[in-house]
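S.K.: Provided below for reference: sequence and predicted model.
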Amino acid sequence: MKYQKIALLFPGQGAQAVGMGRDFYEKYTCAREVFQYGDEILKRSLSKMIFEGPEERLVETGHCQPAIYLTSYAILKAIEHEFPGLRPAVCSGLSLGEYTALTASSKIPFETALALVQFRGEAMQEACHKTQGTMAALFGLSAEEVEKMVQELSLPSDLWVANFNCPGQTVISGTLLGVQRGIEEAKARGAKRAIPLKVHGAFHSGLMALAEKKLEKEMTSLTIQESPIQVVMNVPGDFVKDFEMMRKNLIKQVTSSVRWQQGIQAMAREGVDLFIEIGPGKTLAGMNRQMGMVAPTLTINKREDLELLNELLQ
């Protein structure tokens, strides 16, 4: 294998699109079986919604999260079919993508993870309905500047830092009032842009406390399995080896900051020489570019991308 340390990356909510994964479903039996088995487990035709929409239903948190998980995992199975010798050294996922990463690293079985993702999506959707929250992306301020700003605004029940995506791109989350104050203050402190996000709630903030409590109860019996593939998790933004910490991080993640940039940098320090983003969208590859990653990043979200991977591995 040309590359010694490959990292698989999996996207989170927001990457969805009607029709995602359909070309893999049509070409690969292994991918089709993932969608069909997923429908059986969930006892509904989620695959029909993924391929046909309507978009306004697919974007709902309760549908969107299992839909992205299913699609990303189906594409992964197609990759494994075409490249049986490809062995990742590490897996990581953005928010919801963390569950796909744990399945891809053989730490949580597909059936268990899909059921958890479905439960998580419904719990977070319920929390969204009970708390009027939103999010905004801030551009042009460093992570440290945004953290300091949130601290100095001192709105502990209204404003949180949600995502450390890449240099100059940080997401804030909270109540409508809190995020508005955050946007105004960010602009006053020199932010180039502050864009409100089209989301149903304040993800990765204290407003998701209800979802966190429900998830904690649901995960009491979660068993994580040993495997040689490492994982980098969102809460610490680093490698996690202890199984109990993995479980705690999955629970804490819904109310905590996603330290994505720190996680990618941790992988780079450990010698990852190829990143493969698997699933809908190209957000993670874009963030890697913003971070100036020396190692190449390839996105696989349509069938033709497998040809690019083949060329890369030659």
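M.R.: Done, it's in. Fair warning: this is a prediction, and the values are worked out from it, not measured in the lab.
S.K.: the residue lying closest to Leu210 once chain neighbours are set aside and Ser157, how far apart?
M.R.: Excluding its sequence neighbours, the residue lying closest to Leu210 (Cβ to Cβ, 6 or more residues apart in numbering) is Ala127, at 4.4 Å. C-betas here are computed from N, CA, C, even on glycine. Distance check for Ala127 against Ser157: by Cβ to Cβ, to the nearest Å, it reads 15 Å.
S.K.: between these two, who's got more neighbours?
M.R.: Per other Cβ atoms under 10 Å, whichever of Ala127 and Ser157 has more neighbours is Ala127, with 26 against 11.
S.K.: which parts of the strand or helix carrying that one are buried?
M.R.: Assigned by DSSP states H and E, Ala127 falls within helix 110-130. Applying a neighbour-count criterion of 16 or more other Cβ atoms under 10 Å, one finds 110, 112-114, 116-128 buried in helix 110-130.
S.K.: again with stretch 19-27
M.R.: For stretch 19-27, by 16+ other Cβ under 10 Å, it's 20-25.
S.K.: just the closest of these to Lys192, please.
M.R.: Met20 (30.9 Å; Cβ to Cβ).
S.K.: what about the nearest residue to the closest one once chain neighbours are set aside, neighbour count?
M.R.: Here the nearest residue to Met20 in space, its sequence neighbours aside, is Pro280; by Cβ to Cβ, 6+ apart that works out to 4.2 Å. The tally of other residues near Pro280 (other Cβ under 10 Å) stands at 23.
S.K.: now for Pro280: which residues touch it?
M.R.: Pro280 is in contact with 11, 15-17, 20-21, 68, 71-72, 301, counting by Cβ atoms under 8 Å, 6 or more residues apart in numbering.
S.K.: repeat for Leu94
M.R.: Neighbours of Leu94 in contact, by Cβ under 8 Å, 6+ apart: 9-12, 234, 258, 260, 283-284.
S.K.: which of those tops the neighbour count?
M.R.: In the contacts of Leu94, the most neighbours by other Cβ under 10 Å go to Leu9, 32 neighbours.
S.K.: hang on, that residue in a strand?
M.R.: Yes. According to DSSP: H, G, I helix; E, B strand; the rest coil, Leu9 belongs to a strand.
S.K.: what pairs with it across the strands?
M.R.: Ser92, Glu277 (DSSP bridges).
S.K.: so it sits right up against Gly286, yeah?
M.R.: No. Counting by Cβ atoms under 8 Å, Gly286 is not a contact partner of Leu9; they are 11.7 Å apart.
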